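Asks: sequence first, then the predicted structure:
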Amino acid sequence: MRMLKSFIIVVLLYPISFIADGQTAKAWYKGNLHTHSYWSDGDEFPEMIMDWYKSHGYQFVGLSDHNILAAVEKWVKITRSNLYEEAFANYLNKYGATWVKYKKDSGRVSAQLKTLEEYRPLFEDRSFLILKSEEITSKLGEMHIHVNATNVQTVIGRQTGSTVAEIMQKSVDAVLAQRKATGIPMFPHINHPNFFYSITLQDLIDLRGEQFFEVYNGHPLVNNYGDSLHPGTEVMWDKINIAYRNRGQTLMYGLATDDSHNYHQFGSTYSNAGRGWVMVYADALTPASLIAALESGDFYASTGVTLESISVKATPASKSLELKVKQEEGVTYTIEFIGARKADKEAKVLQSIKGAQASFSFNNDYLFVRGRVTSSKLKPNPFQDKDVEMAWTQPVFQK
Ligand SMILES: [Zn+2]
Ligand SMILES: [Zn+2]
């Protein structure tokens, strides 16, 4: 035992872990898992959207339209306005008349959308991957229950039930069932719980088999920060994990996503690309590797802050979480460690440090500890006025 206690096991120490024999090292991959296009209520063609993400430093995108996969014949009518007619002209000009299939009826343009299998070869290479995705979209009265399915293979579609909790659970279960039936890794994630304040904290606490939800979503109607009557998503996150840890359920991880719909008008009343993303530390840019890393918690959510490393070191008696921020000139950072002890009803800030590097050690009295970085830099085109750039690491715990 004495030997064991002094033996430090490095559980995760990245980004400096290399695989032997000259194989590819692990790397960070930037991605947006929640994106809309003309395939549902987004206002742009998938090719234009993929081009935007690929040329803005992303390595993967899940195009997740509502209750549809880009695998059928679908035509879109271009809205009669200069804005959308010019946007179509740009698309036609960029991809050419042999690629774009369209017709004009009384002056109004209709265009056939390209399927994923058609447009995927234009973008995919060693540095860019498209994940087949769907936003399973259901409604109960005025309540909206949306669950993303990443790397889903066949469409799941709207779920029904008599409560929000039941519909949400059925959506999650449908993805897990498809995964089991196909043997292909895929995962559900709960979208924007505070969209119309549809999904409550208790609904999320009661949920089984879910490992991901959106702690940050860039759509203007999602109430990330809550209001006087409803908790914000970050407060919900910790309360969910207090409940999950106390009953031995796998922790809930927090994602940041764009939920982008609007590609031609910009500002806080539009859902624009580039607001929130995940940085995943994976073996390779493949669906299986990305999903394995996400499910291991080897990622962080960001609205602008980039981390140089996250390391978790463990001894039998304690664990430490260390964060290093990739500093930008003229920007300052506050690193906070947030966690809960066994008797706590809510999480607290356990330590707050001004600087670009910090660590926190804890023992098994703590249910979990996570890191949050707040920068002094205003977020360009933010979700909400005066938002600054942030990052959230995933909760870790001492067994
Ligand atoms: Zn949604
Ligand atoms: Zn959405």
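Replies: Here it is on my side, so go on. Numbers count the residues shown, from 1 in each chain. Ligands and ions are numbered 1, 2, ... in the order given.
Asks: wait, Arg158 sits on Glu135?
Replies: No: under the criterion of CB atoms under 8 Å, Arg158 lies out of contact with Glu135, with a separation of 10.8 Å. Bear in mind the C-beta positions are built from the backbone N, C-alpha and C, glycine included.
Asks: what do these two both touch?
Replies: Here Arg158 and Glu135 have Asn67 as joint contacts, going by CB atoms under 8 Å, 6 or more residues apart in numbering.
Asks: quick one: which of the two has more around it?
Replies: Neighbour count, other CB atoms under 10 Å: between Arg158 and Glu135, Glu135 has more, with 25 against 13.
Asks: quick one: contacts for the residue lying closest to that one once chain neighbours are set aside?
Replies: Of all residues not flanking Glu135 in the chain, Ser64 sits nearest, at 4.5 Å (CB to CB, 6 or more residues apart in numbering). By CB under 8 Å, 6+ apart, the contact list for Ser64 reads 33-36, 133-135, 148-150.
Asks: just checking: what are the partner strands of the host helix or strand of Ser64?
Replies: Using DSSP states H and E, Ser64 falls within strand 60-66. Using DSSP bridges, strand 60-66 pairs in its sheet with strand 27-35 (parallel), strand 129-140 (parallel).
Asks: nearest to ligand 1, out of these?
Replies: strand 129-140 (5.5 Å; CB to the ion).
Asks: is the helix or strand following the closest one in proximity to ligand 1?
Replies: Downstream of strand 129-140, the next assigned helix or strand under DSSP H and E is strand 143-150. Yes: Strand 143-150 lies within reach of ligand 1 by CB under 5 Å from the ion, at His146.
Asks: so how far is strand 143-150 off the chain centroid?
Replies: Remark: strand 143-150 is offset 13 Å from the chain centroid, using CA atoms, centre = their mean, to the nearest Å.
Asks: what residues does that strand touch?
Replies: Here strand 143-150 has contacts from 33-34, 62, 64, 66, 131, 133-139, 156, 159, 164, 167-168, 171-172, 174-175, 178, 186-192, 195-196, 198-199, 291, using CB under 8 Å, 6+ apart.
Asks: CA atoms only for it, dumped as CSV, please.
Replies: The C-alpha trace of strand 143-150 is given here as CSV (Å, rounded to 0.1, in the frame of the first residue of the first chain):
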residue,chain,number,x,y,z
MET,A,143,-43.1,22.3,-24.8
HIS,A,144,-40.3,21.6,-27.2
ILE,A,145,-38.2,18.4,-26.6
HIS,A,146,-35.1,18.3,-28.9
VAL,A,147,-32.5,15.6,-28.7
ASN,A,148,-29.5,15.4,-31.1
ALA,A,149,-28.4,12.1,-32.5
THR,A,150,-24.8,12.2,-33.7
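Asks: what angle do strand 27-35 and that strand make with each other?
Replies: 140 degrees (axes from the mean of the first three to the mean of the last three CA atoms, to 10 degrees).
Asks: near ligand 2, anything from strand 143-150?
Replies: No: using CB under 5 Å from the ion, strand 143-150 stays clear of ligand 2, with a minimum separation of 6.1 Å.
Asks: strand partners of that strand, parallel vs antiparallel please.
Replies: Counting by DSSP bridges, the strands paired with strand 143-150 are strand 129-140 (antiparallel), strand 187-190 (antiparallel).
Asks: give me the pLDDT value at the residue of the stretch 251-399 of the chain found nearest ligand 1.
Replies: Relative to ligand 1, the nearest point of the stretch 251-399 of the chain is Asp259 (6.2 Å; CB to the ion). At Asp259, the model reports a pLDDT of 98.
Asks: quick one: the nearest residue to it once chain neighbours are set aside from ligand 2, how far?
Replies: Counting by CB to CB, 6+ apart, Asp259 lies nearest to His219, which is 4.2 Å off, once chain neighbours are set aside. As judged by CB to the ion, to the nearest Å, His219 and ligand 2 stand 7 Å apart.
Asks: what's the answer for Glu47, then?
Replies: According to CB to the ion, Glu47 and ligand 2 sit 20 Å apart.
Asks: contact partners for the closest residue to Glu124 other than its chain neighbours?
Replies: Spatial nearest neighbour of Glu124, excluding adjacent residues (CB to CB, 6+ apart): Ile130 at 6.2 Å. The neighbourhood of Ile130, defined by CB under 8 Å, 6+ apart, consists of 50, 60-63, 116, 120, 123-124.
Asks: ditto for Asp173
Replies: Counting by CB under 8 Å, 6+ apart, Asp173 touches Gly209.
Asks: for the longest helix seen in the chain, which positions count as buried?
Replies: Longest helix of the chain, by residue count under DSSP state H: helix 164-182. Buried positions in helix 164-182, judged by neighbour count with 16 or more other CB atoms under 10 Å: 164-172, 174-176, 178-179.
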